[in-house]
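>>> sequence and predicted structure below; questions after.
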Amino acid sequence: MKENRTENQENGRQQTDAEQRTDIKSLPYPQLEQWILGQGEKKFRARQLYQWMHEKHVSSLDAMGNLPGSLKQKIRKTCVFTVLEQMTCQVSAQDGTRKYLFGLADGNMVESVLMRYHHGNSVCISTQAGCRMGCRFCASTLDGLVRNLTPAEMLEQIYRISDDTGERVSNVVLMGTGEPLDNYENVLTFLRMLTDEDGLHISQRNVTVSTCGIVPGIYKLAEEKLQITLAVSLHASSQEKRKKLMPVANAYGIHELIRACRYYFEKTGRRITFEYSLVAGVNDQAQDAEELAALIGGLPCHVNLIPVNPVKERDFTQPTAKAVQDFQKRLEKYRINVTIRREMGRDIDGACGQLRKRFAERQDA
């Protein structure tokens, strides 16, 4: 860990001239190969370096045993070598869910979550430090957006969790802190590296990208020819209610959003997932279920009902179990495919942004 901290401190100093340095762990293999050749090195060195970073997940250049010292020195002088530092980890006594807080080289922190299912381990990662979307029920957005994460910082969340547990990650969800489509180019590079055969080689069908509804980004993503799952945070059945819960609705209306979702399905053949956080007395009534069924009817989709995770800075409350089940039954009556999301890690800081915020508050106290 001391070695990791030294690497991170060095990377922190590198932030001042980051534009002149190469973010080497964010380079897809073809670009890494070009960088290696540009250094006057043999092409096979790119394969060795890529394996150390993306297959073996080493946290120090010194651990790269078959690389010559001269190449390591070039990397130290001209590159950023990203390694996240584990600040803390909360483990649920109920289901073994592990929530991580990682430190970035510039002092920012991001959250990641490991959830164990019968079909394999799923990791939920952050794509930004903070968020500017302003969703009313989310702790991630309380302090606004600090900055986008790089592809390396997204990959590192998975690498550090995998190494910490000694277990393979088979599913990845971009549903932590941040809006993935607000960090589009970095997220796209991350997706291609994550699913590339030279790295973790996770199936695209095992990757989910969640968005609060940035319509141009959905249309753009539809053209990328990816087989990932698109999850849309809907959370309301009408434009009026959605505007109260999600400021993004002021820019992109709910019907405009659904049209973009239909287009995504037409281009990819991938069923849309709609995330719907149920808030007692706000969007959990019979009329809401009927409006929702009419809104998404005919679109191949799946609805995840999520009893809202209370955040102390907000006044939203969770509906009763009966209210949630009644909402599910009403949707099923209209032949909507729907499930109630299993609550994971409720006994720890489960909601997005809670762990990061509380850790920062303790540090400032």
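Structure's in. What do you need?
>>> quick one: residues contacting Asp326.
With contact set as Cβ atoms under 8 Å, 6 or more residues apart in numbering, Asp326 has these partners: Ala286. In short, each C-beta sits where N, CA and C put it, glycine included.
>>> in a strand, it, correct?
No - counting by DSSP: H, G, I helix; E, B strand; the rest coil, one finds Asp326 to be helix, located in no strand.
>>> mind listing the strands for the stretch 1-150 of the chain?
22-23, 79-80, 85-91, 98-103, 109-117, 120-125, 128-130, 145-148 (DSSP state E, counting those that start in this stretch).
>>> and the fifth one, what other elements does it pack with?
Judged by 3 or more Cβ pairs under 8 Å, 6 or more residues apart in numbering; DSSP states H and E, strand 109-117 is in contact with strand 98-103, strand 120-125, helix 151-165, helix 354-364.
>>> now for the strands of the stretch 1-150 of the chain, which one comes closest to Glu266?
Glu266 lies closest to strand 120-125 among those, at 27.7 Å (Cβ to Cβ).
>>> in the sheet, which strands lie alongside the closest one, parallel or antiparallel?
Next to strand 120-125 in the sheet, as set by DSSP bridges, lie strand 109-117 (antiparallel), strand 171-174 (parallel).
>>> in TSV: those, plus mean neighbour count and distance to Pro30.
Formatted as TSV, these follow (neighbours: other Cβ atoms under 10 Å; distance: least, Cβ to Cβ, whole Å):
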stretch	mean neighbour count	distance to Pro30
strand 109-117	23	28
strand 171-174	22	22
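>>> pretty sure Glu33 contacts Ala46?
Yes - here Glu33 reaches Ala46: they are 4.1 Å apart, a contact under Cβ atoms under 8 Å.
>>> any idea how far Arg271 is from Ala249?
Noted for Ala249: a distance of 23 Å to Arg271, by Cβ to Cβ, to the nearest Å.
>>> between the helices and strands packed on strand 109-117, which gets nearest to Glu256?
Minimum separation from Glu256 across these (Cβ to Cβ) falls at strand 120-125, 27.5 Å.
>>> in the closest one, what's buried?
By neighbour count with 16 or more other Cβ atoms under 10 Å, strand 120-125 contains the buried residues Asn121, Ser122, Val123, Cys124, Ile125.
>>> ok, now stretch 204-215?
Of all the residues in stretch 204-215, those buried under the rule 16+ other Cβ under 10 Å are Asn206, Val207, Thr208, Val209, Ser210, Thr211, Cys212, Gly213, Ile214, Val215.
>>> would you mind putting the residues you listed into TSV with distance to Asp143 and pLDDT alongside?
Listed next are the buried residues of stretch 204-215 as TSV, based on distance: Cβ to Cβ, whole Å; pLDDT from 0 to 100:
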residue	distance to Asp143	pLDDT
Asn206	32	97
Val207	28	98
Thr208	25	98
Val209	23	98
Ser210	20	97
Thr211	21	97
Cys212	17	96
Gly213	22	97
Ile214	20	98
Val215	26	98
